[in-house]
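here is my input, please return the structure:
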Amino acid sequence: MRASLSRVTPFGVARQAFAPATPLEAWLERVAAATTRSFDLGPEHAWLAWESTGWEPALEESARKALFLVVLASLVTQGRGSTRMPLLGDAGRAYVRSVLEGVLVGDDAPTIDAQVEEIEKLAPTLGAPGDRRPFLVEGDFFYHQKLHRSERLFAESLVERLTQKPAPAFAEKDAAEALGAVLAKPALAPAGPVQLSPEQQLAVLTALFQPLTVVSGGPGTGKTSIVVSILRVLVRLGVPPEEIALAAPTGKAAQRMGESIARLLGSVKELEEGDRPLLEHGPQPQTIHKLLGASADGSRMKHHEGNRLEQRVLIVDEASMIDMSLMEKLVRAAGAGARLVLLGDARQLPSVGAGAVLRDLIPEGSAADTPWRTLVRGVLPAVGPGDHPLARNAVRLTRNYRMNPKDPAGLAILELAKWISPDGTGARPPLEDVLVVRESVAKVEFERAEAVFDSGPKALRAFLERWYAERIASLPGFDGLLDKTYRAEKGIFGDEATAALSELFAHFESTRVLCLTRVYRTGAVAVNAALRAFHFAHRKSSTKHEFTAGEPVLMLSNDYDKGIWNGDQGIALWVSEDGAKPRLSALFRRGGAGFVGFPVELLRGQLEHCFAMTVHKCQGSEFERVVVVLPELDGPLLTREILYTAVTRTRRSVLVLGAREMLEAGAQRTLLRFSGVGERLAAKNAPPSR
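Here you go, the predicted structure:
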């Protein structure tokens, strides 16, 4: 038999076993194998590229090869988060060539230039905008039809929203008085009263008067204070809480949003009557999928352009995590007269899916001048309107409230974040000015910003062993909490169980190991395996089980029936429901102090271990201490966006572990995502709505 039956290909197992492959088939299979090795793609991507070569039976062999390569390159580009791929012109030729260098290897490598020429010849035979074809060329860019449609509809909906002339929702005088009343009764943060800065006041007022407001700011710049102030002003202007929606891309981000809002609202001294509706029956944050009424498989939405959301104000946090497809659905589902407020950090890692929407919507520099700027009493500097179509809708927060001499830990983390992703183009200070470099993992103090520049396997193992002993198994009564059976009646845990679960969850939620990749020795899979081995040894438990008590777990998908979401983090523990025999269950937080659990066998395929997690998966989370494990090899994933996101997930300390050159290389590289959103908005030249 010529080939193993376990090696499945689109050409058929039987044919592979008994009939020789044609030269074209052998070439396609060889290139597909090289692609899966060089890029983080599964075999299904190679299969799609394979199948596409048969959609045009009349194509000659050279054209079929070119189509296969261009589709394969576009899938690599989509995997990196772009909605389109440069194809033509000098920039397109250079980009396609760079991808083919990872695809055409060995004996095929000398044909790269020839294949680029063939791809350019192929371009005129592909579809154009408006054609019902799987692949389109618009300008110098190659699109998959689905992403082209999503990008186009998003831009058109956005322009329609920006150019509408709705009746003013509020009188300027009333808005000024409502904001003044809120400013007179500030919320209280640990550092003192929350006094809104001029740029925060501008963000609040922009949200009242513009159909779209985009607010970008790093951690500690007061985005939650803006949300709470918007809510407090709205209820004073007569907007009922039920006409306001709060949402975030993930369940974890929605939970954090709710907790932060509740904490700030609850800190207001001498709460006025206007604030009480927010505390008593205010809007509860939810995932965007839930807000839109997603079907069980997430493929259909109850709310869309034909059945709009009824809320008058939609406030969405962590907008950098929203991909093009979901953002398009959100914008098109928003009511015609509704105010849409997007908050996030444009410097953070963009969505896992295609698109970098928040970055596309934020113009460089400060917010533009606005007709209602006088409402903030003339304290803002005069800024010209700029050329960006959203200049009047965007507010970039620049003042940081964590950089307080009384909080050296937060200051150290933010200085490191600024070193990784500096504002402007100024030169970076020496790395030692923002990091304390330790000689070995034994010297690490887990305070402020530290680094151990050792990429060897011994250093990683020594760190993980110490981390497990000192940061995981060190909780007083740790083993007793893991041995305990948590009893629930009709899904509700008693006071004793809730108190124990709260202690255990707070412990696990305080620390996390973050990896930039899933695979290789420094990836989340390998690091989780090492920490699990230490856990098994500590617990003296068998390694044959997929999960064991005390393991952090992570949801990999949305389960609408159970109400748990992709990115939710929990713990595997023993649970007895209504007096039944205890079963190992995955428990997750639900609301402020509640918990929900499901037997792990009912979530098979939806859970993974979470002693360590990728930076992509940790978006929307915040910890007391994190460790960032750098990859062993440089690559396109190592960018300032992923490093910035990693170090800003912590409040008190961060340890960077790996080679110094990896940190320095990543800080110099900006994530490259190709998108046509900015061009589409500029082409429409959308005027401001006021």
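
show me the contacts for Q286.
Shown in contact with Q286 (CB atoms under 8 Å, 6 or more residues apart in numbering): A245, L246, A247, A248, A254. Backbone N, C-alpha and C define where each C-beta goes, glycine included.

which ones among the residues you listed map onto helices?
Members of the contacts of Q286 lying in helices (criterion: DSSP state H): A254.

where is pLDDT lowest across the contacts of Q286?
Lowest pLDDT within the contacts of Q286 is found at A254 (85).

count of neighbours near it?
For A254, the count of nearby residues is 27 (other CB atoms under 10 Å).

try N307
N307: 12 surrounding residues under other CB under 10 Å.

next, find the distance separating it from Q164.
19 Å (CB to CB, to the nearest Å).

ok so, going back, what is the nearest of the contacts of Q286 to E439?
Nearest to E439, judged by CB to CB, of the contacts of Q286 is A248 at 41.2 Å.

so where do the helices sit in the stretch 401-550 of the chain?
408-420, 457-467, 478-483, 495-508, 524-539 (DSSP state H, counting those that start in this stretch).

now do the longest one, average pLDDT.
Per-region confidence: helix 524-539 scores 92 on mean pLDDT.

what residues does that helix touch?
For helix 524-539, the external contacting residues (CB under 8 Å, 6+ apart) are 460-461, 464-465, 467-469, 472-473, 479, 482, 513, 515, 517-520, 541-543, 548-551, 608-614, 617, 629.

then the third one?
Contacts with helix 478-483, where a contact means CB under 8 Å, 6+ apart, come from L475, A500, E503, L504, R539, A549, G550, L573, W574.

ok, of those residues, which come out buried?
The neighbour-count test (16 or more other CB atoms under 10 Å) marks L475, A500, L504, R539, A549, G550, L573, W574 as buried among the contacts of helix 478-483.

flag the least confident of those residues.
For these, the weakest pLDDT value sits at R539, with 88.

measure it to G550 for me?
Remark: distance between R539 and G550 (CB to CB) = 7 Å.

try L212
L212 is 46 Å from G550, where distance means CB to CB.

rewinding a little: nearest to F446, of the helices of the stretch 401-550 of the chain?
Judging the helices of the stretch 401-550 of the chain by CB to CB, what sits closest to F446 is helix 457-467, at 9.0 Å.

so where's the stretch 101-250 of the chain shaky on pLDDT?
165-168, 190-192 (pLDDT under 70).

give me that answer again for 80
105-108, 164-170, 187-194, 219-220 (pLDDT under 80).

what is the burial count for H538?
16.

what distance do you get for it to F39?
With CB to CB as the criterion, H538 and F39 are 38 Å apart.

look at the closest residue to R583 other than its chain neighbours and report its pLDDT.
Residue nearest to R583 in three dimensions, not counting chain neighbours: P599, with 4.6 Å by CB to CB, 6 or more residues apart in numbering. pLDDT, P599: 92.

then the one 5 residues further on?
Looking at R604, its pLDDT reads 85.

could you do K302 as well?
Note for K302: predicted pLDDT of 91.

ok, it - contacts?
By CB under 8 Å, 6+ apart, the residues touching K302 are L292, G293, A294, S295.

could you redo the last one with a cut-off of 7 Å?
Contacts for K302 (CB atoms under 7 Å, 6 or more residues apart in numbering) come out as L292, G293.

can you pull the phi/psi pair for it?
When quoted as degrees, to the nearest 10, the phi and psi of K302 stand at phi -70, psi -40.

i'd like the first residue to be 9 from this point on
Taking 9 as the first residue, the last one we looked at is K310.

any idea how far it is from L299?
As for K310, its distance to L299 is 10 Å (criterion: CB to CB).

what do you get for M563?
Remark: distance between M563 and L299 (CB to CB) = 19 Å.

ditto for L610
Where L299 is concerned, L610 sits at a distance of 26 Å (CB to CB).

more crowded one of these two?
Per other CB under 10 Å, whichever of L610 and L299 has more neighbours is L299, with 23 against 12.

and the host helix or strand of K298, how far out from the chain middle?
Counting by DSSP states H and E, the element that carries K298 is helix 296-300. Offset of helix 296-300 from its chain centre (CA atoms, centre = their mean, to the nearest Å): 16 Å.

what's near enough to touch the residue most central in space within the chain?
Geometric centre of the chain, nearest residue: M329, 3.3 Å, by CA atoms, centre = their mean. Under the criterion of CB under 7 Å, 6+ apart, the neighbours of M329 are P257, T258, S359, Q627, G628.

now do it, the pLDDT please.
What the model reports as pLDDT for M329 is 87.

now the one 10 residues further on
The predicted local distance difference test score for V339 is 92.

tell me the SS of it?
helix (DSSP: H, G, I helix; E, B strand; the rest coil).

where does pLDDT dip in the stretch 559-698 of the chain?
Along the stretch 559-698 of the chain, the parts satisfying pLDDT under 80 run over 566-574, 598-601, 627-629, 643-644, 690-698.

what's the helix or strand containing E649 in contact with?
If you go by DSSP H and E, E649 is part of helix 648-655. With contact meaning CB under 7 Å, 6+ apart, helix 648-655 is reached by 355-357, 421, 424-425, 428-429, 522, 524, 623, 627, 636, 662, 674-675, 677-679.

one more pass at 6 Å, please.
355-357, 424-425, 428-429, 522, 524, 623, 636, 662, 674-675, 679 (CB atoms under 6 Å, 6 or more residues apart in numbering).

next, the angle helix 416-428 makes with that helix.
Comparing the axes of helix 648-655 and helix 416-428 via axes from the mean of the first three to the mean of the last three CA atoms, to 10 degrees yields an angle of 170 degrees.

distance between the helix or strand following helix 648-655 and the chain's centre?
Sequence-wise, the next helix or strand downstream of helix 648-655 (DSSP H and E) is strand 658-665. Centre-to-centre, strand 658-665 and its host chain are 19 Å apart (CA atoms, centre = their mean).

buried ones in the helix or strand that strand 658-665 is followed by, by neighbour count?
Sequence-wise, the next helix or strand downstream of strand 658-665 (DSSP H and E) is helix 668-676. Neighbour-count burial for helix 668-676, counted by 16+ other CB under 10 Å, picks out R668, M670, L671, G674, A675.

same question, stretch 471-490
By 16+ other CB under 10 Å, the buried positions in stretch 471-490 come out as F471, L472, E473, W475, Y476, R479, I480, A481, L483, F486, L489, L490.

can you redo those residues as JSON lines with distance to T232?
Converted to JSON lines, the buried residues of stretch 471-490 look like this (distance: CB to CB, whole Å):
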{"residue": "F471", "distance to T232": "33"}
{"residue": "L472", "distance to T232": "34"}
{"residue": "E473", "distance to T232": "37"}
{"residue": "W475", "distance to T232": "30"}
{"residue": "Y476", "distance to T232": "33"}
{"residue": "R479", "distance to T232": "27"}
{"residue": "I480", "distance to T232": "29"}
{"residue": "A481", "distance to T232": "33"}
{"residue": "L483", "distance to T232": "29"}
{"residue": "F486", "distance to T232": "32"}
{"residue": "L489", "distance to T232": "31"}
{"residue": "L490", "distance to T232": "34"}
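
ok, R240 touching V190?
Yes - in this structure, R240 is within contact of V190 by CB atoms under 6 Å, at 4.7 Å.

picking that back up, and the furthest pair within the contacts of helix 486-491?
So, the contacts of helix 486-491 by CB to CB: farthest apart are E511 and R547, at 18.3 Å.

could you identify the helix or strand that succeeds the helix holding K298?
Downstream of helix 296-300, the next assigned helix or strand under DSSP H and E is strand 321-324.

give me the helices and strands touching that next one, please.
On a contact count with 3 or more CB pairs under 6 Å, 6 or more residues apart in numbering; DSSP states H and E, strand 321-324 meets strand 252-256, strand 347-352.

ok, which of those comes nearest Q86?
In terms of CB to CB, the element of the helices and strands packed on strand 321-324 nearest to Q86 is strand 347-352, at 21.8 Å.
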